[in-house]
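Trainee: this is the structure alone, sequence omitted:
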């Protein structure tokens, strides 16, 4: 039985581990913090816009387990907010234990507080990874899902300093790039102004710090849109800093847009607290993530790996990548999609079976291929791509890939020869 080692337990790492296990491998998942899901612990938005299509494609392809978890712990379904339709908002306080249960029941060996700090190579292959605890994990193939945010010095150099976000670098150590350790030259995304990186696109407010009227609106509908007085509005330039370009709309400057994910999800990278508290209903507002949401947020897309459409890292024989490591494809849904393909292909590689791509007749396959092409260009590396808005959602619509007709999506998957593909045993 081949052994797959997945480094990083965010959404992509969980998906990679699950896909590899279902394909028949022994799987070890290493996560540097005390919980899985990474930014998924403060995210919460699923199925909005083209993410609905991508979700149903993955379900039809046999990779529905993690999407089913978010559906089960949803606080609200079929929610609309500016620029977005039919969203599901999952409860960030319930999702991690539910995901961990699925992985453990599948037989995946999970090690938390296991930050990989170094690797050992033999020729062009990774042989082992070594953690801060001096534990050594060997494998036949490795999947890197370490993300692209952190360590702290990146947030200081390219952002507004460490904002004390959910990644918790001071407590658990910063991100270490496995590909870079293996000698791969990685890529850094750029903003429209040419500077590097992108800032996480939302904050969390403690719901009980808001007015009763706002809390009631959130609990009832899942959404609260509160106009911001002109004298309190943030500079529109803040929109260009966001990783989540699907929310870079003027409505998110003219209004405070809140979503109910357990906390109140504030759809802006940061907002000065003294200005926020001048908005009616926010007089006692308090940040939950990042704690310094008054001045900044985490900086992301600082270490993307060159890869092919199988999600195999170029330059290392037995390393695959997923999530943000695979390019500027933003979001939880996107991470699950790439993680699933990377995990499945890791097993195919170890078993000597031909690697698989997802056909471009499907939105997931087209996105993986298109982003791979775009991240190699000067213009493309300055943009962010997501099923839920901005550049790629427009492409989805132009190509006729966006639909909410589940039967049509399933038919499309079957025609592409991918029905239940990720439920197949490889070994």
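Mentor: On my side now, so go ahead. Note that the structure is predicted; figures quoted are calculated from it, not measured. Residues are numbered from 1 along each chain as shown.
Trainee: could you chop this protein up by domain?
Mentor: The domain map for the chain lists 3-194+299-423, 199-289, with the assignment taken from automatic domain parsing.
Trainee: for the shortest one, measure first residue to last.
Mentor: As for domain 199-289, its first-to-last residue distance stands at 14 Å under the measure Cα to Cα, to the nearest Å.
Trainee: ok, back up a step: comparing the domains of the chain by mean pLDDT, which bottoms out?
Mentor: Among those, domain 199-289 carries the lowest mean pLDDT, at a mean of 86.
Trainee: can you give me the offset of the helix ranked longest in the chain from its chain's centre?
Mentor: For the chain, the helix that runs over the most residues, judged by DSSP state H, is helix 332-351. Centre-to-centre, helix 332-351 and its host chain are 14 Å apart (Cα atoms, centre = their mean, to the nearest Å).
Trainee: kindly report the same for stretch 260-267.
Mentor: With Cα atoms, centre = their mean, you get 17 Å for stretch 260-267.
Trainee: ranges for the strands of the stretch 51-200 of the chain?
Mentor: 74-81, 84-90, 109-111, 116-122, 125-131, 136-138, 141-144, 198-199 (DSSP state E, counting those that start in this stretch).
Trainee: need those in CSV with mean neighbour count and distance to residue 304, can you?
Mentor: Backbone N, C-alpha and C define where each C-beta goes, glycine included. Listed next are the strands of the stretch 51-200 of the chain as CSV, based on neighbours: other Cβ atoms under 10 Å; distance: least, Cβ to Cβ, whole Å:
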stretch, mean neighbour count, distance to residue 304
strand 74-81, 18, 29
strand 84-90, 22, 26
strand 109-111, 16, 25
strand 116-122, 16, 18
strand 125-131, 19, 19
strand 136-138, 14, 24
strand 141-144, 32, 11
strand 198-199, 30, 11
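Trainee: with distance to residue 271 added, can I get the ones you listed in CSV?
Mentor: Output for these, formatted as CSV (distance: least, Cβ to Cβ, whole Å):
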stretch, distance to residue 271
strand 74-81, 17
strand 84-90, 20
strand 109-111, 36
strand 116-122, 35
strand 125-131, 37
strand 136-138, 42
strand 141-144, 33
strand 198-199, 12
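Trainee: ranking the domains of the chain by burial, who's on top?
Mentor: Mean neighbours per residue, mean count of other Cβ atoms under 10 Å, is largest over the domains of the chain for domain 3-194+299-423, with a mean of 21.
Trainee: still on that earlier bit, now do the longest helix of the chain and strand 84-90, the angle between them.
Mentor: 70 degrees (axes from the mean of the first three to the mean of the last three Cα atoms, to 10 degrees).
Trainee: phi, psi for residue 208 please.
Mentor: phi -70, psi -10 (degrees, to the nearest 10).
Trainee: right, and it touches residue 215 too?
Mentor: Yes. Judged on Cβ atoms under 8 Å, residue 208 makes contact with residue 215 at a distance of 7.4 Å.
Trainee: for residue 346, find the nearest of the strands of the stretch 51-200 of the chain.
Mentor: Residue 346 sits nearest to strand 141-144 of all the strands of the stretch 51-200 of the chain, at 4.5 Å, using Cβ to Cβ.
Trainee: and that closest one, what other elements does it pack with?
Mentor: Contacts defined by 3 or more Cβ pairs under 8 Å, 6 or more residues apart in numbering; DSSP states H and E place strand 141-144 against strand 3-7, helix 11-22, helix 178-181, strand 319-321, helix 332-351.
Trainee: who's in contact with the first one?
Mentor: So that's strand 3-7. 13, 16-17, 20, 25-30, 116, 129, 137-146, 178, 343, 346-347, 350 (Cβ atoms under 8 Å, 6 or more residues apart in numbering).
Trainee: let's see that with 7 Å instead.
Mentor: Strand 3-7 has contacts (Cβ atoms under 7 Å, 6 or more residues apart in numbering) with 13, 16-17, 20, 25-30, 116, 129, 137, 139-146, 178, 346-347, 350.
Trainee: give me the sheet partners of it and which way each runs.
Mentor: strand 26-30 (parallel), strand 141-144 (parallel) (DSSP bridges).
Trainee: dump these to TSV, plus distance to residue 313.
Mentor: TSV is the format used below for the strands paired with strand 3-7 (distance: least, Cβ to Cβ, whole Å):
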stretch	distance to residue 313
strand 26-30	17
strand 141-144	7
